[in-house]
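> Below are the sequence and a predicted model for it; my questions follow.
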Amino acid sequence: MGQDQGQAGQKLDVERDRTPDEVREEIAQTRAEMGETVAALAQKTDVKRQAHKAVDHAKVTAADGAGRLKEMITAHRAAVAGVGVVAVAILVARRAS
């Protein structure tokens with residue numbers, strides 16, 4: 001019965017008086033935790049920063065895809081040339097009709 005639940009979930013001994021130094025230490029710890037929480041929330045709600053991150057991610061993804069496509073084309077030149085010839089033949093045949 002001498003235990004009570006504190007704000008941060010810590011058990012407090014309500015029958016024992018805390019010294020001023022202990023109270024100051026608890027206050028300092030709570031302030032530090034609140035500061036970290038506020039900073040984390042500020043980062044999550046920074047729409048401009050989130051948008052920049054999304055754009056940067058999209059750029060990296062596009063560059064990776066372009067690099068892979070270039071490697072694929074280089075590795076399969078004959079196949080790519082064949083597809084190009086077929087595409088041109090289809091276009092010429094359509095115009096001729």
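Cool, the structure landed. Just so it is clear, the model here is predicted, and its values are computed rather than measured.
> count of neighbours near residue 47?
8 (other CB atoms under 10 Å). C-beta: built from backbone N, CA, C; applies to glycine.
> Report the contact partners of it.
Residue 47 sits next to no residue when contact means CB atoms under 8 Å, 6 or more residues apart in numbering.
> Show me the domain layout of the chain.
3-44, 47-96 (automatic domain parsing).
> Throw those into a markdown table and include mean pLDDT, thanks.
As requested, these are arranged in a markdown table below (pLDDT from 0 to 100):
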| stretch | mean pLDDT |
| --- | --- |
| domain 3-44 | 81 |
| domain 47-96 | 89 |
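> Which helix runs longest in this protein?
helix 47-75 (DSSP state H).
> List the buried residues for that helix?
For helix 47-75, a neighbour-count test (16 or more other CB atoms under 10 Å) marks nothing as buried.
> now the angle from the next helix or strand after that helix to helix 47-75?
Where DSSP states H and E defines the elements, the next helix or strand beyond helix 47-75 is helix 77-96. Angle, helix 77-96 to helix 47-75, by axes from the mean of the first three to the mean of the last three CA atoms, to 10 degrees: 100 degrees.
> Alpha carbons only: can I get helix 77-96 in PDB?
Extracted in PDB, the C-alpha atoms of helix 77-96 (Å, rounded to 0.1, in the frame of the first residue of the first chain):
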ATOM      1  CA  ARG A  77      22.500  -5.700 -77.600                       C
ATOM      2  CA  ALA A  78      21.400  -8.100 -80.200                       C
ATOM      3  CA  ALA A  79      18.000  -8.700 -78.600                       C
ATOM      4  CA  VAL A  80      17.500  -4.900 -78.200                       C
ATOM      5  CA  ALA A  81      18.400  -4.300 -81.800                       C
ATOM      6  CA  GLY A  82      16.000  -7.100 -82.900                       C
ATOM      7  CA  VAL A  83      13.200  -5.500 -80.900                       C
ATOM      8  CA  GLY A  84      14.000  -2.100 -82.500                       C
ATOM      9  CA  VAL A  85      13.900  -3.600 -86.000                       C
ATOM     10  CA  VAL A  86      10.600  -5.300 -85.300                       C
ATOM     11  CA  ALA A  87       9.200  -2.000 -83.900                       C
ATOM     12  CA  VAL A  88      10.300   0.000 -87.000                       C
ATOM     13  CA  ALA A  89       8.900  -2.700 -89.300                       C
ATOM     14  CA  ILE A  90       5.500  -2.500 -87.500                       C
ATOM     15  CA  LEU A  91       5.500   1.300 -87.800                       C
ATOM     16  CA  VAL A  92       6.400   1.200 -91.600                       C
ATOM     17  CA  ALA A  93       3.700  -1.500 -92.200                       C
ATOM     18  CA  ARG A  94       1.000   0.700 -90.500                       C
ATOM     19  CA  ARG A  95       1.900   3.700 -92.500                       C
ATOM     20  CA  ALA A  96       1.900   1.800 -95.700                       C
END
